[in-house]
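K.L.:
Generate coordinates for the sequence data below:
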Amino acid sequence: MSSVYTFDASGSLVGAITGPAIYANSVSSLGDKLASTSSKQLTLTTPSGQSEFAIGFENIVQASTSDKRAGTATYWYNSGMVSGIYTNSYASISSQGELFGGTVNGLTRTVAQCGDLAYSIIQDIATGVGEESTRSGLYRADSNGIRLTAAWDYPADFKPISRTAACGPNGEAIYALYADNATSNSQNGMPGLTLARVDTSTGSRTDTPLGMAGLDWSVVSGTMSVLDGRAYWINAAKEVLSVDLSDAAGIVRREWSLPGVEGNAVASVDNGKVDVVVPGRNARYSQHDLRTGATIGTPIALPWLDALTDASPVSGQTLVDVASLE
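P.N.:
A predicted model of the protein is given here:
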């Protein structure tokens, strides 16, 4: 079973949204609304009630993205082989509260939400297996359907490292982080990172190899954001990193580290704020300024959370995402 639990400013559990289990689930805050999914439906919860959009039956959330200020979100599902063709499905919530969806051939690699427009970089996995390059394309989805903007070929090992990209100012471009063996400067052979800027109108790309200076190259999905001319993200070491979008040298800067956060904590970034939940016996929620790390408000104890989660891989009860309502 997939469950979304809600709590108030005192940490008291006030409600839950449950449905059939789905792998790699996530939750999206849309101002005073909440988007969530199960294997059978996308659910929009508002102060006045719920709306539901049937998605058939899905097993895996391939990626999800939202735009809190616009009140929009899109969930992308890995539908597997359909009539001999690898297929992904999607379900969206518009700024007007409409729920709609569709399907597209290929595998969703990374996604971004810019207002009512949902963007996805999708790999054509019918080609490229055992080859040196693969073809991917930028797709745009809205209430009128989904369409291909542009396609390109890249080395087979050059792929988005995070399933969430970031929308640039005014939606003129999306920014995605790619694992890139060509930029590796580590002693253990791990890849480096390249920042890709993709024009949402034309699909043209600008790739900037990043100077990591020994920093962890991993990226926690759901934490990439663009703010004040910089791209921010959180790595597996719980460090907040950033790079100036205008810096051709791509020098990455460590901004701050999440305070007192153990390895199984979850974090998400939205609208310049970092939401963090640390599970366990001293479970707590905190919110921080993305740029400075300053704590916003007072951390909230969640004494009921430990009984609902279990880090054991056989229990199936794991904490996967966090979001805050306004």
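
K.L.:
residues contacting Thr46?
P.N.:
Each residue near Thr46 by C-beta atoms under 8 Å, 6 or more residues apart in numbering is listed here: Asp32, Lys33, Gly97. Just so you know, the C-beta spots here come from the backbone N, C-alpha and C atoms, and that holds for glycine as well.

K.L.:
Check those against Ala323 and report the nearest one.
P.N.:
Nearest to Ala323 among those is Lys33, at 10.7 Å by C-beta to C-beta.

K.L.:
Spatially nearest residue to the closest one (excluding sequence neighbours)?
P.N.:
Nearest non-adjacent residue to Lys33, counting by C-beta to C-beta, 6 or more residues apart in numbering: Thr46, 4.9 Å away.

K.L.:
for that neighbour, phi and psi?
P.N.:
phi -120, psi 170 (degrees, to the nearest 10).

K.L.:
same check, this time on Pro169
P.N.:
Pro169 adopts backbone torsions of phi -60, psi 130, taken as degrees, to the nearest 10.

K.L.:
The residue lying closest to it once chain neighbours are set aside: how many residues sit nearby?
P.N.:
Distance criterion C-beta to C-beta, 6+ apart; nearest residue to Pro169, sequence neighbours excluded, is Val226 at 7.3 Å. If you count neighbours by other C-beta atoms under 10 Å, Val226 ends up with 19.

K.L.:
List the buried residues in the helix or strand Ser51 falls within.
P.N.:
Assigned by DSSP states H and E, Ser51 belongs to strand 49-54. For strand 49-54, a neighbour-count test (16 or more other C-beta atoms under 10 Å) marks Ser51, Phe53 as buried.

K.L.:
Ok, stretch 233-244 next?
P.N.:
Those would be Trp233, Ile234, Asn235, Lys238, Glu239, Val240, Leu241, Ser242, Val243, for stretch 233-244 by 16+ other C-beta under 10 Å.

K.L.:
shouldn't Thr223 be in contact with Ala236?
P.N.:
No: using C-beta atoms under 8 Å, Thr223 is not in contact with Ala236, being 10.7 Å away.

K.L.:
Looking at stretch 6-13 now, give me its mean pLDDT.
P.N.:
Here stretch 6-13 scores 92 as its mean pLDDT.

K.L.:
What of stretch 86-104?
P.N.:
So the average pLDDT for stretch 86-104 ends up being 95.

K.L.:
related to what we said a few turns ago, report the beta-bridge partner residues of the residue nearest to Pro169.
P.N.:
Per DSSP bridges, the residues bridged to Val226 are Ala231.

K.L.:
what's the pLDDT at it?
P.N.:
On the pLDDT scale, Val226 is placed at 97.

K.L.:
where's it relative to Val269, distance?
P.N.:
10 Å (C-beta to C-beta, to the nearest Å).

K.L.:
Now for those two: what residues contact both?
P.N.:
Shared contacts of Val226 and Val269, defined by C-beta under 8 Å, 6+ apart, are found at Tyr232.

K.L.:
next SSE after whatever helix or strand Arg140 lives in?
P.N.:
Using DSSP H and E, Arg140 maps to strand 133-142. Remark: after strand 133-142, the chain's next helix or strand is strand 145-155, criterion DSSP H and E.

K.L.:
Next, the buried residues of that following strand.
P.N.:
Ile146, Thr149, Ala150, Tyr154.

K.L.:
Over to stretch 169-182?
P.N.:
Those would be Gly171, Ala173, Ile174, Tyr175, Ala176, Leu177, Tyr178, Ala179, Asp180, for stretch 169-182 by 16+ other C-beta under 10 Å.

K.L.:
what's the answer for stretch 102-122, then?
P.N.:
Buried, per 16+ other C-beta under 10 Å, within stretch 102-122: 104, 106-122.

K.L.:
cool, stretch 259-278 as well?
P.N.:
Under the neighbour-count criterion of 16+ other C-beta under 10 Å, stretch 259-278 has 261, 265-270, 273-278 buried.

K.L.:
just stretch 283-294 next, same as before
P.N.:
Ala283, Arg284, Tyr285, Ser286, Gln287, His288, Leu290, Arg291.
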